[in-house]
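In: structure here, sequence nowhere to be found:
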């Protein structure tokens, strides 16, 4: 009962904090604040993998690795490097093999006006 009450109080406090801060922000800054708050909450809950966050924010750091031949002409060198670095994350190990098997599907998304 006490834990449930504390959880409700915490939720209400976070909601109030969010609303009060958003009052003072320009509309263009609200998504950034929301993202930062979400990242911090996930970090506090230990539900955030720092390697995944770094990959999301930077695309990984290119250190001159050779990732082999690019499998399609519509994929540039930067994209190929980012895809390979993404595949190095423990949660994305199966993505690169899936991507290379389904190049036509991904090309359709890549060239689509509103993917």
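Out: The structure has been received and is ready for your questions. None of the values given here were measured: they were computed from a predicted structure.

In: quick one: residue 52 and residue 97, what's the gap?
Out: Between residue 52 and residue 97 the distance is 19 Å, computed by C-beta to C-beta, to the nearest Å. C-beta here means a position set from N, CA and C on the backbone, and glycine is covered the same way.

In: looking at these two, which is more packed in?
Out: residue 52 (14 against 10; other C-beta atoms under 10 Å).

In: tally of neighbours for the closest residue to the more buried one other than its chain neighbours?
Out: Excluding its sequence neighbours, the residue lying closest to residue 52 (C-beta to C-beta, 6 or more residues apart in numbering) is residue 89, at 6.0 Å. The number of residues packed near residue 89 is 15, by other C-beta under 10 Å.

In: so what pLDDT did residue 89 get?
Out: Here the pLDDT value assigned to residue 89 is 92.

In: is it correct that it is in contact with residue 56?
Out: No: contact criterion C-beta atoms under 8 Å: residue 89 and residue 56 do not qualify, at 10.1 Å.

In: longest helix in this structure, by residue count?
Out: Using DSSP state H, we find that the single longest helix of the chain is helix 2-23.

In: from the chain's centre, how far out does that one sit?
Out: Put simply, helix 2-23 sits 25 Å off its chain's centre (C-alpha atoms, centre = their mean, to the nearest Å).
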